[in-house]
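[1] Curious how this folds, go ahead:
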Amino acid sequence: MAGMKRWIYLVFFVLLGACAPLAVVQGPAHNASVPADFPETYYQQAASHGKKVLRVDSARSLVVIEVRKGGALARLGHDHVVASHDVSGYVAFDEGRSDLYVPLENLVVDESDLRAEAGFDTQPSKEAIEGTRNNMLGKVLETERYPFSLIHIMRTKAGQSTLNISITLHGKTRTFDIPATIETLPDGMVASGRMTFNQTDFDIVPFSVLGGTMQVQDRLALRFRIFAN
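    Purely as a prediction, here's the structure:
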């Protein structure tokens, strides 16, 4: 029985990450080119016409997704936190428009401080994190085909802090309306907010093993804080 239990743990930790919606590679930041379909020209032209255009400060910005375990044997696994410290893009301030992109190869998983903020009281091993990373990159996100997530944002009404957000991930685009806090700073602005969405919104099937007794929940929680100056 002890050997069987060790086997279950090994299978779970190596394969659980396959259902998470984002990759967890811990590679060098800022090494990915701009996506071919990113509307950078729009912001260059806006700036050339004297409009206020801000650039996202990647070093200060953060996007975090919480991935929670499920199933009858959920106690054998971990919840996960996947984060991007490499969000890039622009804000057309007067138009209430922003476009961002996230290179998935640079995402990180289960940083201890972010796990604490999420209320997770365990820490996966280095081996478990690496297994999650490999499965998510290759089998779930297919990052060789879909290396970026693109995010298009519009303020729904002037003076109101509701954002219309279109997210393109894994070749699919979905749109959400979410509340947000937008603050004006001396050198720019910061926007923060929270939302939830399903993996299946993007045709990602939540991964499960052992007949569904070990799985990841479809529903994900995302929070962000984006600086631009």
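
[2] use CA for all of it now, contacts and neighbours both
    Noted.

[3] Show me the beta-bridge partners of Y90.
    R55, D99 (DSSP bridges).

[4] Report the separation between it and K69.
    In this view, Y90 and K69 are 35 Å apart by C-alpha to C-alpha, to the nearest Å.

[5] thought S166 was touching T175?
    Yes: using C-alpha atoms under 8 Å, S166 makes contact with T175 at a distance of 4.2 Å.

[6] Let me see the contact set for the closest residue to A118 other than its chain neighbours.
    Nearest non-adjacent residue to A118, counting by C-alpha to C-alpha, 6 or more residues apart in numbering: E66, 7.4 Å away. E66 makes contacts with 79-82, 118, 220-222, as judged by C-alpha atoms under 8 Å, 6 or more residues apart in numbering.

[7] before we move on, what about T181?
    161, 191-193.

[8] Which ones among those residues map onto strands?
    If you go by DSSP state E, the contacts of T181 have 191-193 in strands.

[9] For the residue nearest to A118, grab phi and psi.
    When quoted as degrees, to the nearest 10, the phi and psi of E66 stand at phi -100, psi 130.

[10] Give me the distance between it and D177.
    Separation of E66 from D177 (C-alpha to C-alpha): 19 Å.

[11] ditto for V81
    23 Å.

[12] Between those two, which is the more surrounded one?
    V81 (26 against 15; other C-alpha atoms under 10 Å).

[13] tell me the pLDDT at that one?
    Looking at V81, its pLDDT reads 90.

[14] outside of the helix or strand it falls within, which residues touch it?
    Per DSSP states H and E, V81 falls inside strand 80-84. Here strand 80-84 makes contact (C-alpha under 8 Å, 6+ apart) with 22-24, 62-68, 102, 106-111, 114-115, 118.

[15] Among the contacts of T181, find the lowest-pLDDT one for me.
    Within the contacts of T181, pLDDT reaches its minimum at S161, with 80.

[16] Look at that one and say how many residues are nearby.
    S161 has 16 neighbours, counted by other C-alpha under 10 Å.

[17] Which strand residues bridge the nearest residue to it once chain neighbours are set aside?
    The shortest distance from S161 to any non-neighbouring residue, by C-alpha to C-alpha, 6+ apart, is to A180 (5.4 Å). On the basis of DSSP bridges, A180 is bridged to G193.

[18] where's A180 relative to A47, distance?
    Per C-alpha to C-alpha, A180 is found 25 Å from A47.

[19] What residues are bridge-paired with L150?
    Y101, T168.

[20] That one contacts G89, correct?
    No: contact between L150 and G89 fails when scored by C-alpha under 8 Å: they sit 9.6 Å apart.

[21] which neighbours do these two share?
    Shared contacts of L150 and G89, defined by C-alpha under 8 Å, 6+ apart, comprise 99-101.

[22] List only buried entries from the residues you listed.
    Buried by 16 or more other C-alpha atoms under 10 Å: 99-101, out of the shared contacts of L150 and G89.

[23] JSON lines for the residues you listed, including distance to T122?
    Below are the buried ones among the shared contacts of L150 and G89 laid out as JSON lines (distance: C-alpha to C-alpha, whole Å):
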{"residue": "D99", "distance to T122": "35"}
{"residue": "L100", "distance to T122": "32"}
{"residue": "Y101", "distance to T122": "31"}
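
[24] which ones are touching the residue nearest to S161?
    Residues near A180 by C-alpha under 8 Å, 6+ apart: 161-163, 191-194.
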